[in-house]
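*Asks:* when you get a sec, could you give me coordinates for this:
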Amino acid sequence: MPTQQTFSKFSFGTQVRKSPYSDAALRWGAKGFSVYNHMYIPRDFGDPVQNFWNLVKDAILCDVSVERQVEIKGPDAARFTQFLSCRDLSTCKTGQCKYVLITDQDGGIINDPILLKLAEDHYWLSIADTDVLLWAKGLAVNSGMDVQITEPDVSPLQLQGPKSRDILRAAFGDTPTELKYYWFMEYDWNGVPLIISRTGWSSELGYEIFLRDGSAGDKLWEHLMAVGEPLGLKPGHTSSIRRIEAGMLSYHADMNLMNNPFEMRMDRLVNLDMKADFVSRAALEKIKAKGVSQYFVGLEVGGAPLEGSNDSYWPIMKDDVKVGYVSSAIYSPRLEKNIALGMVAIEHSEAGHELHVVTSAKERQCKVVPIPFHDPQKAIAAKG
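*Replies:* Numbers count the residues shown, from 1 in each chain. From the prediction side, this is the model:
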């Protein structure tokens, strides 16, 4: 149940923005925040293991307005959006979402947003934690294309978990629950404009609700909790346990500008044969022709359950030689094992390779395994 607290105890000042839901999240039990895309994001609602079980058994509501939208509008919006990304967007339809990569002139990954096509001349990029707005504005200046690049007043919430469809129906009726995976619709909620999408950063059944009027943030949060709490909804935060189980990458943790799509095993998001031009074409053609020296992998880590997640990159060793690093590690209570994501030299990247990792506490055995660790066909998120 909500309690009264003041956000000032968490504030760094006006240089970091509150979200339209910050005060509501605090009332509903948020105990800690971090900074993402220059905004506060709730990261702590108590026990992270309980948050995980709330997600996979019932449903959680998460403030993810830090997923800022880069809006691209204008006569050349489609051509410019394609210019940003190495994925072929020619078949993307209005009302459809796509997971894309934004890559630079050297083939480095700038961001891995979800693209939403609102119209032939109107796109959103729902971004991870980098300044894509500035990159896009810089490209637009010298592109010769007729586009306007802005950050609109849009703040998403995530409603995720097996009961999310029933909660969405209680909140907004039947129509949004009929959305197919990676599609969205515009919705008028008593005069408050929303976009509701069948997406989310959990690999569970779920939805994102994009509020297009920040002044209604408190009202929207309280509405969802009022209809959802009787159905099992809990306030929560994005789950590191679930996202690592799913092999979902976290920008800055698992990849950054120094990484390219091929070493991240994201070849499916690179279309070098398409006719349309894009920033990284020449660089990615060279990288593909030369080949890569390392691959992103899944790892099972031996020993007792890890306490929390890693806060540094743990070396991966073969005998006495460093052959890679762990980028994200956690104990999965569902799988009852320690699981991790990381990068290793290509000669050690095949499933079954035995290595060891030097954690902050001690050395542990580890083994390369396929990812995702759970539900590899993503049947849970795509069902229905």
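
*Asks:* tell me the spacing between residue 237 and residue 353.
*Replies:* Noted for residue 237: a distance of 34 Å to residue 353, by Cβ to Cβ, to the nearest Å. Where you see a C-beta, it was placed from the backbone N, CA and C, and this is true even at glycine.

*Asks:* okay, the two: which has more neighbours?
*Replies:* Remark: of residue 237 and residue 353, residue 237 carries more neighbours, 26 against 17, as counted by other Cβ atoms under 10 Å.

*Asks:* pLDDT below threshold where in the stretch 251-384 of the chain?
*Replies:* Applying pLDDT under 70 to the stretch 251-384 of the chain flags the ranges 384.

*Asks:* repeat that for 90
*Replies:* Under the criterion pLDDT under 90, the flagged ranges of the stretch 251-384 of the chain are 308, 360-362, 378, 383-384.

*Asks:* could you find the closest non-adjacent residue to the most centrally placed residue in the chain?
*Replies:* Relative to the mean C-alpha position of the chain, the nearest C-alpha, by Cα atoms, centre = their mean, is the one of residue 201, at 4.9 Å. Nearest non-adjacent residue to residue 201, counting by Cβ to Cβ, 6 or more residues apart in numbering: residue 238, 5.5 Å away.

*Asks:* tell me who's in contact with the residue nearest to residue 108 when sequence neighbours are not counted.
*Replies:* In space, and not counting its chain neighbours, residue 108 is closest to residue 257: 4.2 Å by Cβ to Cβ, 6+ apart. For residue 257, the contact set (Cβ atoms under 8 Å, 6 or more residues apart in numbering) comprises 104, 108-110.

*Asks:* ok, 10 Å please
*Replies:* 103-104, 106-111, 130, 251 (Cβ atoms under 10 Å, 6 or more residues apart in numbering).

*Asks:* residue 186 reaches residue 209, doesn't it?
*Replies:* No - counting by Cβ atoms under 10 Å, residue 186 stays clear of residue 209, with 11.8 Å between them.

*Asks:* neighbour-wise, which of those two wins?
*Replies:* Remark: of residue 186 and residue 209, residue 209 carries more neighbours, 24 against 12, as counted by other Cβ under 10 Å.

*Asks:* so what sits opposite the more buried one in the bridge?
*Replies:* residue 157, residue 196 (DSSP bridges).

*Asks:* now do the phi/psi pair for residue 185.
*Replies:* In terms of degrees, to the nearest 10, the main-chain angles of residue 185 are phi -140, psi 150.

*Asks:* that one bridge partners, please.
*Replies:* On the basis of DSSP bridges, residue 185 is bridged to residue 196.

*Asks:* how near is it to residue 175?
*Replies:* In this view, residue 185 and residue 175 are 7 Å apart by Cβ to Cβ.

*Asks:* mind splitting the chain into its structural domains?
*Replies:* Under the assignment automatic domain parsing, the domains of the chain span 7-66+154-243, 69-148, 248-369.

*Asks:* and those as a markdown table, adding distance to residue 375?
*Replies:* Shown next, in a markdown table, are the domains of the chain (distance: least, Cβ to Cβ, whole Å):
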| stretch | distance to residue 375 |
| --- | --- |
| domain 7-66+154-243 | 7 |
| domain 69-148 | 17 |
| domain 248-369 | 11 |
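
*Asks:* now residue 301, nearest residue through space, not along the chain?
*Replies:* residue 338 (3.9 Å).

*Asks:* before we move on, what about residue 312?
*Replies:* Per Cβ to Cβ, 6+ apart, closest to residue 312 is residue 360, 6.6 Å.
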